[in-house]
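Student: Here you go, sequence then predicted model.
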Amino acid sequence: MSIKPLLLSLFVPPTCFMYLAAAGLIASSKFPGRGRGLIWFALVGLFVCSMPAISGKMIAELEQNLPRIPPRDAPPQAIVILGGDLQRTAEPPYALPGDLSFSRLRAGADLWRRVKLPILVTGGIVQPDRPPIADIMVDSLHGDFHVPVEWVENRSHTTWENATLSAPILKQHGISSIYLVTNAWHMRRALIAFRRAGITVTAEPTSIDVSDLTEPNGFIPESRAFDGIYFAFHEWVGCAWYDIR
(Lines give C-alpha, C1' and ligand atoms only; values in the text may rest on other atoms or scores of the structure.)
Protein backbone atom coordinates (compact mmCIF):
# COMPACT_ATOMS: atom_id res chain seq x y z
CA MET A 1 0.00 0.00 0.00
CA SER A 2 1.38 3.40 -0.99
CA ILE A 3 1.83 5.99 1.75
CA LYS A 4 1.68 8.86 -0.73
CA PRO A 5 -2.13 9.39 -0.60
CA LEU A 6 -1.98 9.61 3.20
CA LEU A 7 0.84 12.14 3.12
CA LEU A 8 -0.99 14.24 0.56
CA SER A 9 -4.13 14.16 2.68
CA LEU A 10 -2.21 15.19 5.80
CA PHE A 11 -0.08 17.97 4.38
CA VAL A 12 -1.71 19.36 1.21
CA PRO A 13 -4.66 21.81 1.33
CA PRO A 14 -7.56 21.75 1.68
CA THR A 15 -7.72 18.43 3.59
CA CYS A 16 -4.80 19.34 5.86
CA PHE A 17 -6.96 22.09 7.38
CA MET A 18 -9.64 19.54 8.23
CA TYR A 19 -7.08 17.58 10.24
CA LEU A 20 -5.98 20.79 11.95
CA ALA A 21 -9.57 21.57 12.91
CA ALA A 22 -9.99 18.05 14.29
CA ALA A 23 -6.75 18.42 16.25
CA GLY A 24 -8.03 21.72 17.61
CA LEU A 25 -11.25 20.10 18.81
CA ILE A 26 -9.31 17.32 20.54
CA ALA A 27 -6.84 19.76 22.12
CA SER A 28 -9.50 22.20 23.31
CA SER A 29 -10.51 19.95 26.23
CA LYS A 30 -7.09 20.34 27.86
CA PHE A 31 -5.74 23.44 26.12
CA PRO A 32 -8.76 25.62 25.26
CA GLY A 33 -6.76 28.55 23.93
CA ARG A 34 -4.50 26.54 21.67
CA GLY A 35 -7.40 24.37 20.54
CA ARG A 36 -9.48 27.37 19.51
CA GLY A 37 -6.42 28.83 17.78
CA LEU A 38 -6.00 25.71 15.66
CA ILE A 39 -9.70 25.69 14.79
CA TRP A 40 -9.67 29.32 13.71
CA PHE A 41 -6.47 28.83 11.72
CA ALA A 42 -8.05 25.85 9.93
CA LEU A 43 -11.26 27.77 9.18
CA VAL A 44 -9.34 30.73 7.77
CA GLY A 45 -7.20 28.37 5.69
CA LEU A 46 -10.25 26.65 4.25
CA PHE A 47 -11.86 30.03 3.50
CA VAL A 48 -8.77 31.26 1.65
CA CYS A 49 -8.43 27.97 -0.27
CA SER A 50 -12.05 28.27 -1.42
CA MET A 51 -11.37 31.53 -3.29
CA PRO A 52 -10.97 30.95 -7.06
CA ALA A 53 -8.65 33.96 -7.29
CA ILE A 54 -6.17 32.35 -4.91
CA SER A 55 -6.14 28.92 -6.54
CA GLY A 56 -6.17 30.55 -9.98
CA LYS A 57 -3.11 32.62 -9.13
CA MET A 58 -1.17 29.58 -7.96
CA ILE A 59 -2.14 27.61 -11.06
CA ALA A 60 -1.25 30.54 -13.34
CA GLU A 61 2.23 30.77 -11.83
CA LEU A 62 2.84 27.11 -12.66
CA GLU A 63 1.90 27.73 -16.28
CA GLN A 64 4.25 30.66 -16.90
CA ASN A 65 7.37 30.59 -19.11
CA LEU A 66 6.93 27.11 -20.52
CA PRO A 67 9.33 26.25 -23.40
CA ARG A 68 6.75 26.09 -26.18
CA ILE A 69 9.07 26.98 -29.10
CA PRO A 70 11.18 24.05 -30.35
CA PRO A 71 14.94 24.69 -30.15
CA ARG A 72 16.50 25.17 -33.58
CA ASP A 73 19.49 23.01 -32.74
CA ALA A 74 17.38 20.16 -31.34
CA PRO A 75 13.95 19.95 -33.00
CA PRO A 76 11.52 17.41 -31.51
CA GLN A 77 11.71 13.91 -32.93
CA ALA A 78 8.72 12.37 -31.13
CA ILE A 79 5.61 13.12 -29.09
CA VAL A 80 5.32 11.88 -25.50
CA ILE A 81 1.86 11.89 -23.88
CA LEU A 82 1.72 11.46 -20.11
CA GLY A 83 -0.99 9.31 -18.56
CA GLY A 84 -3.33 10.71 -15.94
CA ASP A 85 -6.58 9.42 -14.46
CA LEU A 86 -9.02 6.76 -15.58
CA GLN A 87 -12.78 6.31 -15.46
CA ARG A 88 -14.13 2.96 -14.29
CA THR A 89 -16.86 1.35 -16.38
CA ALA A 90 -19.17 -1.60 -15.68
CA GLU A 91 -18.70 -3.13 -19.14
CA PRO A 92 -15.60 -4.05 -21.17
CA PRO A 93 -12.98 -2.65 -21.30
CA TYR A 94 -13.97 -1.73 -17.71
CA ALA A 95 -11.93 1.49 -17.85
CA LEU A 96 -11.69 4.57 -20.04
CA PRO A 97 -9.42 7.62 -19.95
CA GLY A 98 -10.51 10.09 -17.27
CA ASP A 99 -10.96 13.78 -17.93
CA LEU A 100 -7.28 14.63 -17.44
CA SER A 101 -6.07 11.75 -19.60
CA PHE A 102 -8.59 12.45 -22.34
CA SER A 103 -7.61 16.12 -22.57
CA ARG A 104 -3.99 15.03 -22.99
CA LEU A 105 -4.95 12.52 -25.66
CA ARG A 106 -6.91 15.16 -27.56
CA ALA A 107 -3.97 17.58 -27.43
CA GLY A 108 -1.56 14.84 -28.47
CA ALA A 109 -3.76 13.80 -31.40
CA ASP A 110 -4.04 17.41 -32.58
CA LEU A 111 -0.27 17.77 -32.36
CA TRP A 112 0.29 14.52 -34.27
CA ARG A 113 -1.90 15.76 -37.13
CA ARG A 114 0.28 18.87 -37.34
CA VAL A 115 3.75 17.36 -37.09
CA LYS A 116 3.29 13.62 -37.87
CA LEU A 117 5.92 12.49 -35.35
CA PRO A 118 5.85 9.06 -33.64
CA ILE A 119 4.01 8.89 -30.32
CA LEU A 120 5.03 7.35 -27.01
CA VAL A 121 2.43 7.05 -24.26
CA THR A 122 3.52 6.54 -20.66
CA GLY A 123 1.68 5.54 -17.50
CA GLY A 124 1.35 2.45 -15.35
CA ILE A 125 -1.39 1.01 -13.17
CA VAL A 126 -3.58 3.71 -11.64
CA GLN A 127 -6.00 1.32 -9.93
CA PRO A 128 -4.95 -2.22 -8.99
CA ASP A 129 -7.83 -4.00 -10.70
CA ARG A 130 -7.62 -2.10 -13.98
CA PRO A 131 -5.12 -2.11 -16.91
CA PRO A 132 -2.22 0.36 -17.04
CA ILE A 133 -3.38 3.82 -18.09
CA ALA A 134 -0.95 3.75 -21.04
CA ASP A 135 -2.73 0.71 -22.49
CA ILE A 136 -6.10 2.42 -22.09
CA MET A 137 -4.72 5.53 -23.80
CA VAL A 138 -3.47 3.48 -26.75
CA ASP A 139 -6.97 2.10 -27.28
CA SER A 140 -8.42 5.61 -27.13
CA LEU A 141 -5.88 7.06 -29.56
CA HIS A 142 -6.65 4.25 -32.01
CA GLY A 143 -10.41 4.16 -31.56
CA ASP A 144 -11.37 7.75 -30.73
CA PHE A 145 -8.75 9.71 -32.68
CA HIS A 146 -7.46 7.24 -35.34
CA VAL A 147 -3.89 8.10 -34.35
CA PRO A 148 -1.07 5.50 -34.32
CA VAL A 149 1.12 4.83 -31.29
CA GLU A 150 4.72 3.78 -31.77
CA TRP A 151 5.84 2.95 -28.21
CA VAL A 152 4.16 2.20 -24.89
CA GLU A 153 5.68 2.57 -21.42
CA ASN A 154 3.22 1.03 -18.95
CA ARG A 155 5.21 0.44 -15.74
CA SER A 156 5.57 3.97 -14.32
CA HIS A 157 3.66 5.18 -11.26
CA THR A 158 4.92 8.76 -10.96
CA THR A 159 5.89 11.63 -13.24
CA TRP A 160 9.53 10.94 -12.36
CA GLU A 161 9.14 7.34 -13.51
CA ASN A 162 7.32 8.52 -16.65
CA ALA A 163 10.60 10.21 -17.56
CA THR A 164 13.12 7.66 -16.31
CA LEU A 165 11.34 4.71 -17.95
CA SER A 166 10.49 6.50 -21.19
CA ALA A 167 13.97 7.97 -21.77
CA PRO A 168 15.66 4.60 -22.53
CA ILE A 169 12.94 3.75 -25.06
CA LEU A 170 13.43 7.08 -26.80
CA LYS A 171 17.23 6.96 -26.73
CA GLN A 172 17.20 3.41 -28.09
CA HIS A 173 15.63 4.90 -31.22
CA GLY A 174 18.02 7.85 -31.38
CA ILE A 175 15.52 10.34 -29.94
CA SER A 176 16.77 13.00 -27.53
CA SER A 177 14.24 15.82 -28.14
CA ILE A 178 10.46 15.57 -27.75
CA TYR A 179 7.16 17.37 -27.61
CA LEU A 180 5.75 16.69 -24.14
CA VAL A 181 1.96 16.64 -23.74
CA THR A 182 0.32 17.08 -20.35
CA ASN A 183 -1.77 19.64 -18.49
CA ALA A 184 -0.19 23.08 -18.30
CA TRP A 185 -0.18 23.09 -14.48
CA HIS A 186 1.62 19.71 -14.51
CA MET A 187 4.14 20.66 -17.18
CA ARG A 188 6.74 22.34 -14.94
CA ARG A 189 7.27 19.20 -12.84
CA ALA A 190 7.29 16.97 -15.93
CA LEU A 191 9.91 19.21 -17.56
CA ILE A 192 12.23 18.79 -14.58
CA ALA A 193 11.87 15.00 -14.68
CA PHE A 194 12.49 14.61 -18.43
CA ARG A 195 15.40 17.04 -18.44
CA ARG A 196 17.02 15.07 -15.61
CA ALA A 197 16.56 11.99 -17.78
CA GLY A 198 18.56 13.66 -20.55
CA ILE A 199 15.69 14.59 -22.84
CA THR A 200 15.23 18.01 -24.46
CA VAL A 201 11.61 19.09 -24.09
CA THR A 202 9.27 21.37 -26.00
CA ALA A 203 6.10 21.89 -23.94
CA GLU A 204 2.76 21.15 -25.57
CA PRO A 205 0.22 21.79 -22.78
CA THR A 206 -3.43 20.84 -23.08
CA SER A 207 -4.43 24.44 -22.35
CA ILE A 208 -3.24 27.53 -20.48
CA ASP A 209 -5.48 29.18 -17.89
CA VAL A 210 -6.60 32.66 -19.00
CA SER A 211 -8.89 33.45 -16.07
CA ASP A 212 -9.16 37.10 -15.02
CA LEU A 213 -7.78 36.96 -11.50
CA THR A 214 -8.81 40.56 -10.76
CA GLU A 215 -12.55 39.85 -10.93
CA PRO A 216 -14.28 40.55 -7.59
CA ASN A 217 -16.18 37.26 -7.92
CA GLY A 218 -12.83 35.50 -7.63
CA PHE A 219 -12.87 36.16 -3.90
CA ILE A 220 -16.28 34.59 -3.33
CA PRO A 221 -15.78 31.04 -2.01
CA GLU A 222 -16.57 28.21 -4.44
CA SER A 223 -16.06 24.49 -4.03
CA ARG A 224 -14.30 24.18 -7.41
CA ALA A 225 -11.41 26.26 -6.04
CA PHE A 226 -10.44 23.36 -3.78
CA ASP A 227 -9.41 21.28 -6.81
CA GLY A 228 -7.20 24.09 -8.07
CA ILE A 229 -5.53 24.64 -4.71
CA TYR A 230 -4.86 20.91 -4.32
CA PHE A 231 -3.28 20.58 -7.77
CA ALA A 232 -1.25 23.77 -7.27
CA PHE A 233 0.21 22.74 -3.92
CA HIS A 234 0.84 19.22 -5.15
CA GLU A 235 2.76 20.54 -8.16
CA TRP A 236 4.79 23.16 -6.30
CA VAL A 237 5.84 20.63 -3.66
CA GLY A 238 6.62 18.12 -6.42
CA CYS A 239 8.75 20.65 -8.30
CA ALA A 240 10.72 21.45 -5.14
CA TRP A 241 11.30 17.73 -4.50
CA TYR A 242 12.35 17.05 -8.07
CA ASP A 243 14.77 19.98 -7.98
CA ILE A 244 16.73 18.44 -5.11
CA ARG A 245 16.65 14.79 -6.23
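Tutor: Great, that's in hand. Numbers count the residues shown, from 1 in each chain.
Student: hey, let's count contacts and neighbours off CA atoms from now on
Tutor: Fine.
Student: all helices for the chain, in order.
Tutor: Ranges of helices within the chain are 4-11, 15-27, 32-49, 52-62, 99-115, 133-143, 159-172, 184-196, 224-244, based on DSSP state H.
Student: what helices or strands is the fifth one leaning on?
Tutor: In terms of contacts (3 or more Cα pairs under 8 Å, 6 or more residues apart in numbering; DSSP states H and E), helix 99-115 is packed against strand 78-82, helix 133-143, strand 177-182, strand 200-205.
Student: P13 and Y230 touch, don't they?
Tutor: Yes - using Cα atoms under 8 Å, P13 is in contact with Y230, at 5.7 Å.
Student: about what we covered before: tell me which of the helices and strands packed on helix 99-115 lies nearest to L120.
Tutor: Closest to L120 of those, according to Cα to Cα: strand 78-82, at 4.8 Å.
Student: who does that closest one pair up with?
Tutor: Paired strands of strand 78-82, with direction, are strand 119-122 (parallel), strand 177-182 (parallel) (DSSP bridges).
Student: Quick one: the ones you listed as JSON lines, columns for distance to K4 too.
Tutor: Formatted as JSON lines, the strands paired with strand 78-82 follow (distance: least, Cα to Cα, whole Å):
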{"stretch": "strand 119-122", "distance to K4": "20"}
{"stretch": "strand 177-182", "distance to K4": "21"}
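Student: Would you convert those into JSON lines that also reports mean neighbour count?
Tutor: Listed next are those as JSON lines, based on neighbours: other Cα atoms under 10 Å:
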{"stretch": "strand 119-122", "mean neighbour count": "26"}
{"stretch": "strand 177-182", "mean neighbour count": "26"}
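Student: Make TSV out of the ones you listed and add mean pLDDT.
Tutor: Listed next are the strands paired with strand 78-82 as TSV, based on pLDDT from 0 to 100:
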stretch	mean pLDDT
strand 119-122	98
strand 177-182	98
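Student: closest to S28 out of those?
Tutor: Nearest to S28 among those is strand 177-182; the distance by Cα to Cα comes to 45.0 Å.
Student: and that closest one, how far from the chain's centre?
Tutor: 14 Å (Cα atoms, centre = their mean, to the nearest Å).
Student: which outside residues touch it?
Tutor: Outside strand 177-182, the residues that touch it by Cα atoms under 8 Å, 6 or more residues apart in numbering are 74-82, 104, 107-108, 199-206.
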